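Asks: A structural model of the following input is requested.
(6 chains)
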Protein chains: 6
Amino acid sequence: MPYVNIKLTGGSEAPSTEQKAELIAGVTELLARVLNKNPATTVVVIDEIDMDNYGLGGKSITEVRKGK
Amino acid sequence: MPYVNIKLTGGSEAPSTEQKAELIAGVTELLARVLNKNPATTVVVIDEIDMDNYGLGGKSITEVRKGK
Amino acid sequence: MPYVNIKLTGGSEAPSTEQKAELIAGVTELLARVLNKNPATTVVVIDEIDMDNYGLGGKSITEVRKGK
Amino acid sequence: MPYVNIKLTGGSEAPSTEQKAELIAGVTELLARVLNKNPATTVVVIDEIDMDNYGLGGKSITEVRKGK
Amino acid sequence: MPYVNIKLTGGSEAPSTEQKAELIAGVTELLARVLNKNPATTVVVIDEIDMDNYGLGGKSITEVRKGK
Amino acid sequence: MPYVNIKLTGGSEAPSTEQKAELIAGVTELLARVLNKNPATTVVVIDEIDMDNYGLGGKSITEVRKGK
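Replies: Numbers count the residues shown, from 1 in each chain, chains lettered A, B, ... in the order given. Next comes the predicted model:
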């Protein structure tokens, strides 16, 4: 029953459907392998965040990508 | 002042406006009844998650719904 | 497969084990009733937050309770 | 390496790009000033929530704004 | 700069320090491999939740483990 | 009614009560100043995370601090 939330940039950096499936499978497998957690009730939520809404180093990722 | 976050699938499974209002009212009432929490400052946030971004059992809900 | 997170004050205001069980049952029932969500995979997490770490109105709840 | 998540109403109440940049800069600066946290690895995520999905006082903000 | 939050049961089911290090390394590697995300700014937070505070199927994990 | 969650390291790096009060006041003031949000219903939650449970760069902060 673990719950995993992954937040990453969306928009032009959004993962594809295949990549999201790979993240869901990979995290669920990791929890099963390391901690023997039951995959059947492992919940994973991926949040794709607009680059204007994601900040690192005091700037939005939009600004970071411009090299501002 | 409790804070409640509800994450559920959106898209074709998204709740209606009426259902969301019912969730907000119901959770707020539950916290007031069980714990005597003040409804006036109880905050509820409902996140509707794309079915590609919601994983259960190591698969996205998109895949789960297809019976993959 | 909904996920619900409830944050409320702990310490001297912490809910009892019975009250927490009542919240878990109540929220799960609400999601089943309103949205027909499967209780078997509904995950609820209650976070009890230290009153020094919970802010409302720009003050910690510790200060709010003192009537500061 | 602090992580900050800000949830506020979107739609007609959504902050502008400039306001979001100001929030990111302001929160990062606050953590650096008060706790000497390294801005370079401070992550900020702003979630703009639909007014139907944001509840206060047992009602959605949509209803609150109508004065219901 | 992705942010990952993992919530799982603590107390008698808490992961060891080594297992937590393995989760942190594993999730960070997964995001680098699948999405080419920079490990240097990937943040992972593991929350160990008291079994009374973690609900599945409408019951706390404490009750679930008792086979109630 | 914004909701702000701040996650940072606890243990030997935990902020003092005064520093937490300063964070709560500062974030609430920032939201009022930039977005005219009502301080009375602004909720702030600070989570102090064990250094073994906080990862950056694929390592726990415990390991990072040792210069591993």
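
Asks: Would you confirm that residue A:8 contacts residue A:49?
Replies: Yes - Residue A:8 sits in contact with residue A:49 when judged by C-beta atoms under 8 Å, with a separation of 6.9 Å. The way it works is simple: take the backbone N, C-alpha and C, and place the C-beta from them, glycine included.

Asks: which SS state does residue A:23 fall under?
Replies: The local conformation at residue A:23, judged by DSSP: H, G, I helix; E, B strand; the rest coil, is helix.

Asks: Against residue B:62, how distant is it?
Replies: In this structure, residue A:23 and residue B:62 are 14 Å apart, going by C-beta to C-beta, to the nearest Å.

Asks: Distance of residue A:6 relative to chain F?
Replies: Taken as C-beta to the nearest C-beta, to the nearest Å, the spacing of residue A:6 relative to chain F amounts to 13 Å.

Asks: For that residue, give the beta-bridge partners.
Replies: With DSSP bridges applied, residue A:6 shows beta-bridge pairing to residue A:46, residue E:4.

Asks: picking up where we left off before, comparing residue A:23 and residue B:62, which residue is more hemmed in?
Replies: For residue A:23 versus residue B:62, the count of surrounding residues by other C-beta atoms under 10 Å in any protein chain shown is larger for residue A:23: 26 against 19.

Asks: Please report how far the closest residue in space to that one that isn't next to it in sequence lies from residue A:33.
Replies: Nearest-residue entry for residue A:23: residue E:34, 5.8 Å, with adjacent residues in sequence omitted and distances by C-beta to C-beta, 6 or more residues apart in numbering or on different chains. Between residue E:34 and residue A:33 the computed distance is 17 Å (C-beta to C-beta).

Asks: Pick out whichever of those two has more residues nearby.
Replies: Set side by side, residue E:34 and residue A:33 give different neighbour counts by other C-beta under 10 Å, the larger being at residue E:34 (18 against 11).

Asks: Look up the residues forming beta bridges with the residue in chain A positioned nearest to chain D.
Replies: Of all residues in chain A, residue A:55 sits closest to chain D, with a separation of 3.3 Å (C-beta to the nearest C-beta). Going by DSSP bridges, residue A:55 is paired in beta bridges with residue A:60, residue D:44.

Asks: Give the full set of residues in contact with the closest residue to residue A:40 other than its chain neighbours.
Replies: Leaving out its chain neighbours, the residue that sits closest to residue A:40 by C-beta to C-beta, 6+ apart is residue B:57, at 5.0 Å. When contacts are counted by C-beta atoms under 8 Å, 6 or more residues apart in numbering or on different chains, residue B:57 touches A:28, A:39-42, B:64.

Asks: Quick one: name the residues of chain A near chain C.
Replies: Within chain A, the positions near chain C by C-beta under 8 Å from any C-beta of the partner chain are A:1, A:3, A:40-41, A:43, A:45.

Asks: Adding pLDDT and neighbour count, write those out as TSV.
Replies: Conversion of the residues of chain A next to chain C to TSV gives the following (pLDDT from 0 to 100; neighbours: other C-beta atoms under 10 Å in any protein chain shown):
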residue	pLDDT	neighbour count
A:1	86	23
A:3	97	23
A:40	94	13
A:41	91	18
A:43	96	24
A:45	98	22
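
Asks: With that, I have no additional questions.
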